[in-house]
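Peer 1: predicted model, plus sequence, below.
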Amino acid sequence: MPASTTACPTSCRSCARTVNEDWIGRWENGRTGWHEAGGNAGLRNYWPSDIAGNRVLVPLCGKSADLLWLARRGHEVVGVELAKKAVLEFFTEHDLEYRSESGTNLDCYTAIDLPLRIFCGDYFKFDDGPFDALYDRGALVALPGHSRPKYVEHTKKLLRPRAVRLIVTLEYDQAVVQGPPFSVLPPEIRGYWDDLARVTEADDLETCPPKFRAAGLSEIQEVVWLAGPDPAVT
Ligand SMILES: C[S@@+](CC[C@H](N)C(=O)[O-])C[C@H]1O[C@@H](n2cnc3c(N)ncnc32)[C@H](O)[C@@H]1O
């Protein structure tokens with residue numbers, strides 16, 4: 001990501017447009033080192049089994065295989081993704097039939113045989129709540145520090161009170177390498193949601209985007225945070 005996307009201390013409209021163009025450019029050029037073809041282990045290990053209601057929000061979803069995993073568990077899954085290329089690749093790579101509809105702010109791609117939709121466009125213009133649960137991997141950490149409070153505020157408006165939240169973050173030394181994905185430390189997380197529990201952390205050096213290893217980073221933790229209904233997990 002160019003310096004312009006991290007230097008702006010505000011979320012002004014022209015910077016937001018530049019940031020969005022950068023993400024679309026990443027998809028166009030295949031610079032998607034964050035993508036986990038097999039999905040995320042933290043989700044599979046810690047997603048609660050007894051969620052009341054079943055509408056799950058997956059912001060900044062890319063072409064994550066986790067969308068499919070959640071839908072196959074019977075949830076009504078709604079992803080939101082800026083890049084049309086990511087959305088189309090998701091349906092093609094998983095051999096899923098879909099129909100598409102144009103919207104004022106976001107276009108909607110709906111799977112025919114699964115309870116799964118992806119809205120294509122800017123998450124900050126997405127307003128099709130409420131949701132019973134949030135799955136965030138690669139969303140909060142994709143955003144620079146000045147955009148994260150706005151992201152959390154917008155997300156909270158889309159969630160029902162006491163919604164289940166599973167959030168995957170990264171922790172590493174940003175003096176060695178800059179994001180995205182960014183390092184988001186516990187005080188910041190607890191400032192957003194004080195009911196999240198840190199359920200696990202794992203070394204992510206082997207699977208993190210290659211630029212981290214290339215920069216000489218020797219340690220990076222992937223952390224799973226959860227606020228959920230299952231006391232055995234929390
Ligand atoms: C680091 S990737 C993570 C993707 C996915 N969550 C995963 O785990 O593979 C961040 C994604 O957010 C998308 N994105 C960035 N800004 C966005 C915005 N304002 N609205 C919707 N999607 C956005 C990017 O195109 C990119 O696919």
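Peer 2: Perfect, I can see it now.
Peer 1: got the residues of this structure near the ligand?
Peer 2: For the chain, the contact set with the ligand under Cβ under 6 Å from any ligand atom comprises 20, 23, 34-35, 60-62, 64, 80-83, 86, 122-124, 137-139, 142, 181. Backbone N, C-alpha and C define where each C-beta goes, glycine included.
Peer 1: in strands, which of these appear?
Peer 2: Mapping the residues of the chain next to the ligand onto strands (DSSP state E) picks out Val80, Glu81, Arg137.
Peer 1: just the closest of these to Lys157, please.
Peer 2: Ranked by distance to Lys157 (Cβ to Cβ), these are led by Val80 at 13.5 Å.
Peer 1: wait, the closest one touches Phe119, no?
Peer 2: Yes. The pair Val80 / Phe119 is scored as a contact, 4.8 Å apart, by Cβ atoms under 8 Å.
Peer 1: got the buried residues for the helix of greatest length in the chain?
Peer 2: Criterion DSSP state H: the longest helix present in the chain is helix 13-29. Residues Cys15, Ala16, Val19, Asn20, Trp23, Arg26, Trp27 are the ones in helix 13-29 that count as buried (16 or more other Cβ atoms under 10 Å).
Peer 1: and what of stretch 64-75?
Peer 2: Buried residues in stretch 64-75, defined by neighbour count with 16+ other Cβ under 10 Å: Ser64, Ala65, Asp66, Leu67, Leu68, Trp69, Leu70, Ala71, His75.
Peer 1: follow-up on the earlier one: now the common contact residues for Val80 and Phe119.
Peer 2: Leu106, Phe126 (Cβ atoms under 8 Å, 6 or more residues apart in numbering).
Peer 1: center of the chain - which residue?
Peer 2: The chain has Ala139 as the residue nearest its centroid, 3.1 Å off, counting by Cα atoms, centre = their mean.
Peer 1: now Glu28. Nearest residue, chain neighbours left out?
Peer 2: In this structure, Glu28 finds its nearest non-sequential neighbour in Lys85, 6.4 Å apart by Cβ to Cβ, 6 or more residues apart in numbering.
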